[in-house]
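S.K.: Quick one, structure for this:
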Amino acid sequence: MQVTIPKNLSIEDYLKQEEKADFKSEYINGNIIPMAGGTVNHNQIAVNITTELNYAFKKRDYRVYMGDVRLWIPEKNIFTYPDIMVIKGDPIYYENRKDTILNPSLIIEVLSPSTKNYDKEGKFSAYRTIQGFSEYILVSQTKTYGGKFTKTDAKTWLFQEFYEEDQTITIQLENISLQFDDIYHKVDF
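M.R.: As a prediction, the model looks like this:
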């Protein structure tokens with residue numbers, strides 16, 4: 001469960017606070033939401049996916065970022081830390097800050113019991129306002145499960161679910177496949 005600490009902070013104060021903080025927080029319209037610590041499964045899944053994507057995009061014009069890179073969503077007045085982001089071309093930085101970007105094409109979130117509803121609904125609603133964002137993948141850390149939203153036109157998203165251990169999630173950006181065997185390698189449920 002997420003706890004909101006209403007502070008009504010300015011963006012400048014939030015960014016200063018984040019630089020000194022011992023933990024990461026999201027910023028939503030002036031409110032600060034401390035982020036929960038990750039689990040071993042969460043971390044292993046994020047590392048596995050990032051490794052696969054880095055290898056797949058190695059000679060292509062994409063960059064893969066994990067966890068510590070912040071995302072600014074101006075239309076929703078939100079700073080957040082997606083688990084994994086893929087950017088086509090060069091990153092566009094928020095006010096030249098090398099820790100905050102604006103232009104992911106693909107975002108992947110590893111679901112936890114306490115944040116899965118927020119990731120599926122709240123975050124996805126905000127992410128959809130990002131220009132050039134076209135794919136959103138959700139992966140469970142408690143069971144074999146993946147969900148994928150793919151943008152088909154300006155206002156339409158196609159949703160697919162994956163449950164079987166031998167299934168593959170195909171990323172439309174470059175027709176890259178993520179196999180569940182690779183996603184869940186060394187993960188114990």
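S.K.: What strand or helix carries R60?
M.R.: Using DSSP states H and E, R60 sits in no helix or strand.
S.K.: my read: it touches E174, true?
M.R.: Yes. Between R60 and E174 there is a contact under Cβ atoms under 8 Å: 6.0 Å. Using the backbone N, CA and C atoms, a C-beta is placed for each residue, glycine as well.
S.K.: And the helix or strand containing K148, how far out from the chain middle?
M.R.: Following DSSP H and E, one finds K148 within strand 146-153. Mean C-alpha position of strand 146-153 versus that of the full chain (Cα atoms, centre = their mean, to the nearest Å) differs by 14 Å.
S.K.: Stretch 50-65 too?
M.R.: Put simply, stretch 50-65 sits 15 Å off its chain's centre (Cα atoms, centre = their mean).
S.K.: so where's this structure shaky on pLDDT?
M.R.: For the chain, applying pLDDT under 70 flags the ranges 1-7.
S.K.: mind running it again at 80?
M.R.: 1-7, 36-37 (pLDDT under 80).
S.K.: now for the longest helix seen in the chain, which elements pack on it?
M.R.: Secondary structure of the chain per DSSP state H: the longest helix is helix 40-56. Counting by 3 or more Cβ pairs under 8 Å, 6 or more residues apart in numbering; DSSP states H and E, the packing neighbours recorded for helix 40-56 are strand 62-66, strand 84-88, strand 106-111, strand 176-179, helix 180-183.
S.K.: Nearest to Q131, out of these?
M.R.: Taking Cβ to Cβ, strand 84-88 is the member of those nearest to Q131, at 11.9 Å.
S.K.: any idea which helix or strand comes after that closest one?
M.R.: strand 100-101.
S.K.: any idea which residue sits dead centre in this structure?
M.R.: P82 (2.9 Å; Cα atoms, centre = their mean).
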